[in-house]
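Asks: No sequence on hand, only this structure:
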């Protein structure tokens, strides 16, 4: 089954404790992206990747890092999480650049206390 | 700068009624307009999409109406059912026109269909 897999689904952490949210896709997509979803703000892009070793900032990149060492994986790293990063996070991938035809993961609900 | 404005933020419709969600855009380079449906605990999934060379696209109970001159498009859900209760996002992207194509989302509409 074609899918984007995120882990974990739920995560509660403390301020300043580094964490990584994993994302993997099995569709051989070149374009991958991370979004955060907040009430009233919709989906905001954090980072995206056009291909292996090619990443760039989205609209809200502050406090986040990403890497793309393999085509299928695109982890999101929070090196020093803060409470304002409490949110619902989605990884997405698409064959075409920019997100045309996105497939989304099921989401990671992160709470930073 | 919000390039796609979506309204209303929330909507309650009676079963069998028509749900209408509106979006307006500013960037005339946008040439593909998808709608995504998101159920609780799930990621958004593509529902229906339209290109600006047509004014309407219908798939089952879901219809997109597109007004290029007004730079507006809307989603109509006919005969709304409780199973349609979800969050709906409109979006837009410039594909053929280039310009650093990136999908831009509206802020979402939470639809509840009551019995």
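Replies: Yep, that arrived. From a predicted model like this one, the values you see are computed outputs, not experimental measurements.
Asks: Give me the contact list for the helix or strand encompassing residue A:43.
Replies: Following DSSP states H and E, the helix or strand that holds residue A:43 is strand A:42-51. If you take C-beta atoms under 8 Å, 6 or more residues apart in numbering or on different chains as the criterion, strand A:42-51 is touched by A:30-38, A:55-61, A:64-66, A:68, A:71, A:74, A:76, A:89-90, A:97, B:6, B:44, B:89, B:102, B:105-108. Every residue, glycine included, has its C-beta placed from N, CA and C.
Asks: Can you tell me which of these are classed as buried?
Replies: When those are checked for burial by 16 or more other C-beta atoms under 10 Å in any protein chain shown, the buried set is A:30-37, A:55, A:58, A:60-61, A:64, A:66, A:68, A:74, A:76, A:89-90, A:97, B:6, B:44, B:89, B:102, B:105-108.
Asks: can you tell me which of those are in strands?
Replies: Secondary structure assignment (DSSP state E) places A:31-37, A:55, A:66, A:76, A:89-90, B:6, B:89, B:105 from the buried ones among the contacts of strand A:42-51 within strands.
Asks: Between those, which sits nearest residue B:81?
Replies: Taking C-beta to C-beta as the measure, residue B:81 lies nearest residue B:89 of these, at 19.5 Å.
Asks: quick one, what contacts the closest one?
Replies: Applying C-beta under 8 Å, 6+ apart to residue B:89 gives the contacts A:42-43, B:6, B:35-36, B:38, B:44, B:105-106, B:108-109.
Asks: pLDDT at the residue sitting nearest the centre point of chain A, what is it?
Replies: Within chain A, one residue has its C-alpha closest to the average C-alpha position: by C-alpha atoms, centre = their mean, that is residue A:34, at 3.0 Å. Note for residue A:34: predicted pLDDT of 97.
Asks: Kindly report the same for residue B:108.
Replies: Here, the pLDDT recorded for residue B:108 equals 96.
Asks: Touching, it and residue B:7? I think so.
Replies: No: shown here, residue B:108 and residue B:7 do not form a contact pair, counting by C-beta atoms under 8 Å, at 10.5 Å.
Asks: Residue numbers of chain B in contact with chain A?
Replies: For chain B, the contact set with chain A under C-beta under 8 Å from any C-beta of the partner chain comprises B:6, B:9, B:32, B:36, B:41-46, B:89, B:93, B:95, B:100-103, B:105-108.
Asks: Swap in 7 Å and give it another go.
Replies: By the criterion of C-beta under 7 Å from any C-beta of the partner chain, the positions of chain B lying close to chain A are B:9, B:32, B:42-45, B:89, B:93, B:95, B:101-103, B:105-108.
Asks: What is the nearest of these to residue A:17?
Replies: Comparing the residues of chain B next to chain A against residue A:17 with C-beta to C-beta picks out residue B:43 as the nearest, at 25.7 Å.
Asks: which residues does residue A:89 contact?
Replies: With contacts defined as C-beta atoms under 7 Å, 6 or more residues apart in numbering or on different chains, the neighbours of residue A:89 are A:21, A:34, A:36, A:76, A:107-108, A:110.
Asks: switch to 10 Å and redo it
Replies: A:6, A:11, A:21, A:23, A:34-37, A:46, A:64, A:76, A:78, A:105, A:107-110 (C-beta atoms under 10 Å, 6 or more residues apart in numbering or on different chains).
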